[in-house]
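Asks: pasting the sequence and the predicted model now:
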Amino acid sequence: MRVLTPFLFSLALLLPASLRAADAQETVKKVCAACHGVDGNSTDPVNPKLAGMDQEYLMRQLKAFAAGTRRDDAMSGIIATVDTSDFAKLAAYYGPQKPAPGKVLDAQLAAKGRALYEDGNTDSGVPACAGCHLSDGKGNARFPRLAGQHPAYTLKQLADYKSGRRATDPLMTTVGKRLSADEARALAEYIAGL
Amino acid sequence: MLSRHLLGLLLGGLGCSLALASPPQEGWNTPYAEKTAALGLKGDIVRGESAFVICQGCHRVGALGRSDGSYPRLAGQHATVLIKQLSDVRSGRRDNLKMLPFADHQALSMQDVADIAAYLQSLPVPASQGQGPGNSLARGKQLYERDCQVCHGRQGEGKADKFFPRVSGQHYQYLLREGGLIRDGKRRNAHPDMVQAISSYSDDDNAAVSDFMSRLPVDGR
C-alpha cells in the first residue's frame, strides 16, 4: 500500500481530465465533428481549427456564443443544443489535440502580413499583432492561438469584430475597424503559415 | 428688424448657455477623483508587466517606443508622470484617439494603471533612442539650459513628485512633435510655464532643443 499510494494519488489526479475527455466523445461525434473534425482540425476553411487552442479560451468562446456576445449563423443555432455543463468537457477535449499546420498560398501577400503582424500600422494605429498574440501566434488563456488557422476563418473574425457580430473583445473591435481589407487579407495569409 | 432682434437674442442665449456649459478653468494638474485614486494605489511590477501586454503592440517590448516618434518610449518614466498622462487620456484631458480604445475604462482598470506605471518606471533605458540631425546642438544646449533645465533637470531626469517627465532617453521625433503641440496650445494638459517658455520658439529652435534632449545621457542599463 505504501508503494501504491503515490501511484493511486497521481491516478486520481489524472482521472477527472481523462473522464471529461471521454465524456465529451459523444457530443464531439454528434455535434462538433461535422464542422471542426474529430481531431479539431477542420477541413472546410470557414470553420476554425480548434486543436491546440487554450482550454480556457475555448470555454470563454462557448459561453460567449451561448450568451450571444458572439454570433455566427451556424454556431449560434448549434450552441443552443449543447448542455452548458458539457462546455468544459468539450474545451478539455479539443484544446490538447495536435494542430495541423496551415498552408501559405501567396508568399508575397504573407510577407506583407508579416510586416503588419510584427510592426502594426503606425498611421492608422493598428498595433502589432505580436504585441498580444506573440510572434509565434501559439496563444494562451488570454489571447487565442492564431498559428496555422484557415485564412477564410481569420478574415471572417476580423470582419465580425468590425461589424460587432463578435463583441467579445473591445480591443479587437478597434483593430477590426482600423484594418483595411488588403491588410486583413495579408494578415490572414501570414497567420496560416505560422 | 424683428428677425435681427430675434437673432441677437438667440445668439445671446447661445453665448450664455455656452458659458454655463463650459467647466471651470482647470489647471494643468488640478486633482480629479480618478487621477488621485490611481496615484494612491500601490502599483505592482509583476502585475504591471502582464497588464502592459496590450500596450506593447504599439509601445514595443520593453516599452522602448519607436524611433520614428509614432509611439514614445515609456521605459524608465516616472510612475507619477505616467499615471497623470494615462489618467488625462482616459478622462479626456489629453487628446489621443489612437490610444484611447487601448487605455479607456473598458481596457484598463485603475489598478492596471497603477501597476503598469510601476512596471514601466522599473524598466531599463538603453541608449538606443532616435536622435536628431546634430546640426544645431549648441543652440539646443543654450535653449535647454535657459528654459527647460529648471524643471526637467540637468540630465533631463525630470521630477517625479512634481509630475515633470523625464526627457532623457526619449526619441527625438517624439520630443519634436510634442514640443510643437505644446507650443501651439494643442496639448491641453501642458504646464502653462512650459507653454510660456517655448511660445516664441521657431520650428528650428524646437528641433534644436529636441535634438539636444535626445542626446542627454541615459543610464544605459
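Replies: That came in fine, so what should we check first? Numbers count the residues shown, from 1 in each chain, chains lettered A, B, ... in the order given.
Asks: okay, domains of chain A per the record?
Replies: A:16-94, A:107-192 (automatic domain parsing).
Asks: domain parsing for chain B?
Replies: Following automatic domain parsing, chain B resolves into domains at B:33-122, B:137-214.
Asks: out of those, the one nearest chain A is which?
Replies: domain B:33-122 (2.5 Å; CB to the nearest CB). The way it works is simple: take the backbone N, C-alpha and C, and place the C-beta from them, glycine included.
Asks: quick one: distance of the closest one to the chain centre.
Replies: 11 Å (CA atoms, centre = their mean, to the nearest Å).
Asks: how about that domain and chain A, any contact?
Replies: Yes: using CB under 8 Å from any CB of the partner chain, domain B:33-122 reaches chain A at B:53-58, B:60, B:66, B:68, B:70-71, B:97-99, B:101-102, B:106-107.
Asks: mind checking which of those are buried?
Replies: B:53-58, B:60, B:66, B:70-71, B:98-99, B:101-102, B:107 (16 or more other CB atoms under 10 Å in any protein chain shown).
Asks: now residue 122. Nearest residue, chain neighbours left out?
Replies: Going with chain A. Using CB to CB, 6 or more residues apart in numbering or on different chains and skipping the chain neighbours, the partner closest in space to residue A:122 is residue B:70 (3.7 Å).
Asks: could you do chain B instead?
Replies: For residue B:122, the spatially nearest residue (CB to CB, 6+ apart) is residue B:45, at 5.2 Å.
Asks: who's in contact with that neighbour?
Replies: Going by CB atoms under 8 Å, 6 or more residues apart in numbering or on different chains, residue B:45 touches B:115, B:118-119, B:122.
Asks: how near is residue A:144 to chain B?
Replies: Distance, residue A:144 to chain B, by CB to the nearest CB, to the nearest Å: 14 Å.
Asks: that residue: which element?
Replies: Per DSSP states H and E: residue A:144 is located in neither a helix nor a strand.
Asks: distance of it from residue A:169?
Replies: Noted for residue A:144: a distance of 10 Å to residue A:169, by CB to CB, to the nearest Å.
Asks: what does residue B:96 show for phi and psi?
Replies: phi -160, psi 80 (degrees, to the nearest 10).
Asks: neighbours of the residue nearest to it when sequence neighbours are not counted, how many?
Replies: Nearest-residue entry for residue B:96: residue B:89, 5.0 Å, with adjacent residues in sequence omitted and distances by CB to CB, 6+ apart. Per other CB atoms under 10 Å in any protein chain shown, the neighbour tally for residue B:89 reads 19.
Asks: check residue B:91 too.
Replies: Neighbours around residue B:91, by other CB under 10 Å: 15.
Asks: could you do the one 4 residues further on as well?
Replies: Applying other CB under 10 Å, we find 15 residues neighbouring residue B:95.
Asks: cool, residue B:180 as well?
Replies: 17.
Asks: what do you get for residue B:145?
Replies: Burial measure for residue B:145: 13 neighbouring residues, criterion other CB under 10 Å.
Asks: in three-state terms, label it for me.
Replies: helix (DSSP: H, G, I helix; E, B strand; the rest coil).
Asks: check residue B:81 too.
Replies: Once three-state DSSP is applied, residue B:81 turns out helix.
Asks: helices along chain B, start to end?
Replies: B:2-21, B:33-40, B:45-51, B:56-59, B:79-90, B:100-103, B:110-122, B:137-143, B:149-152, B:172-183, B:192-198, B:203-214 (DSSP state H).
Asks: residue A:60: which of those helices is closest?
Replies: helix B:45-51 (17.5 Å; CB to CB).
Asks: so for that closest one, what gets flagged as buried?
Replies: Under 16+ other CB under 10 Å, the buried positions of helix B:45-51 are B:47-49, B:51.
Asks: restricting to C-alpha, output that helix in PDB.
Replies: Taking Å, rounded to 0.1, in the frame of the first residue of the first chain, the C-alpha atoms of helix B:45-51 are listed here in PDB:
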ATOM      1  CA  ILE B  45       5.600  45.500 -11.100                       C
ATOM      2  CA  VAL B  46       4.700  41.800 -11.800                       C
ATOM      3  CA  ARG B  47       1.000  42.500 -12.400                       C
ATOM      4  CA  GLY B  48       2.000  45.600 -14.400                       C
ATOM      5  CA  GLU B  49       4.100  43.500 -16.800                       C
ATOM      6  CA  SER B  50       1.200  41.300 -17.500                       C
ATOM      7  CA  ALA B  51      -1.200  44.300 -17.900                       C
END
